[in-house]
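Undergrad: Return atomic coordinates for the entry below.
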Amino acid sequence: MITLLQLSDCHLLKDKEKAGYAGIAPYHSLARVLQNAVSPYIKRSMDDWNVSQPLRDNEHKVIMLVTGDISGDNSLESYRHFTALMDHYLADADIEWYVLAGNHDNNPHFDAVLGERTLKSDKPIVCQRWHIHGLDTRSSSDIYTAAGELKNEDVCALEQALVSAPRNNHLVALHHHVLPSNSWMDKHYLDNASKVVALSEQYSQIKALIHGHVHSPLRQTIGSDSIPSYGSPSTCWQWKMQVEFCVSDEAPGYQVIELCDDGAVNVTVKRVEK
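TA: Residues are numbered from 1 along each chain as shown. Below you'll find the model as predicted:
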């Protein structure tokens, strides 16, 4: 089994102490979320890990994926804050970590600082019986838009991977939500989303999709085969899924996603007090 820890929409700022919506300072909120998410996987002692470690690696892998909007102000400092927090909280945990870009990461700093950690469509995570794919949904025509874009090259790379590994289970991760949420967030839609819907209908080995962007555990089904799609809470402020803009009073959070060998996907939302 694989445990995938999904964090999203950190919106870190140059100023660590600056607060945004709901009076939440993104830096300190992310620190609390990371501590909560990582604590079950901290190496307690060498006796716990030496002899049994190879067996544990084969049975249970833990991966963290941050699905975009790492920065909130496009600053180089915000990405440096992020990597410092990741290095600090994951130092004593046997957790691999990766990132995706969100619309707020449409800047050169994201690629410069996190390029080697970015999960790309042509290089999925391959672990046990799972392939975990990342799609870059940043707009190629407008770096300032909050809307997203599904690119042809990413769709082609994903399809090629599905064709190449038909007997494996596949999870698709992206920043933007695929289907309308019937909320104000739909004005920040994903262009060409129908292409990933079509893939989910054509390839039954796609078992689930995960995304960020909506700052809410949005639950939907994709395509004629009703493939589950799981939105994630934000590590800072939360949005209400309603027609008019509104901030939710729910606490920051993340998702724990269990990927089972038989293709089953179990998702649990975890909240961390402000």
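
Undergrad: Is His60 in contact with Met1, as I believe?
TA: Yes: with contact defined as C-beta atoms under 8 Å, His60 counts as touching Met1 (5.6 Å). (Glycine included, C-beta is placed from N, CA and C.)

Undergrad: ok, which stretches of the stretch 1-150 of the chain are strands?
TA: 2-7, 61-67, 96-100, 125-127, 130-134, 148-149 (DSSP state E, counting those that start in this stretch).

Undergrad: CSV please, covering those strands and showing distance to Leu209.
TA: Below are the strands of the stretch 1-150 of the chain laid out as CSV (distance: least, C-beta to C-beta, whole Å):
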stretch, distance to Leu209
strand 2-7, 12
strand 61-67, 11
strand 96-100, 12
strand 125-127, 15
strand 130-134, 10
strand 148-149, 14
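
Undergrad: Glu116: which of those is closest?
TA: Of all the strands of the stretch 1-150 of the chain, strand 96-100 sits nearest to Glu116, with 9.8 Å by C-beta to C-beta.

Undergrad: Next, the residues that contact that closest one from outside, please.
TA: The contact list for strand 96-100 (C-beta atoms under 8 Å, 6 or more residues apart in numbering) reads 61-68, 70, 86, 90, 114, 117-119, 125, 134-136, 173-175, 212.

Undergrad: which residues does the spatially most central residue of the chain contact?
TA: By C-alpha atoms, centre = their mean, the mean C-alpha position of the chain lies nearest to Thr67, the distance being 2.7 Å. By C-beta under 8 Å, 6+ apart, the residues touching Thr67 are 6-9, 99-100, 102, 173-175, 210-212, 232.

Undergrad: any idea how far the closest residue to Met241 other than its chain neighbours is from His215?
TA: Of all residues not flanking Met241 in the chain, Ser183 sits nearest, at 4.2 Å (C-beta to C-beta, 6 or more residues apart in numbering). Here the criterion is C-beta to C-beta, to the nearest Å. By it, Ser183 lies 10 Å from His215.
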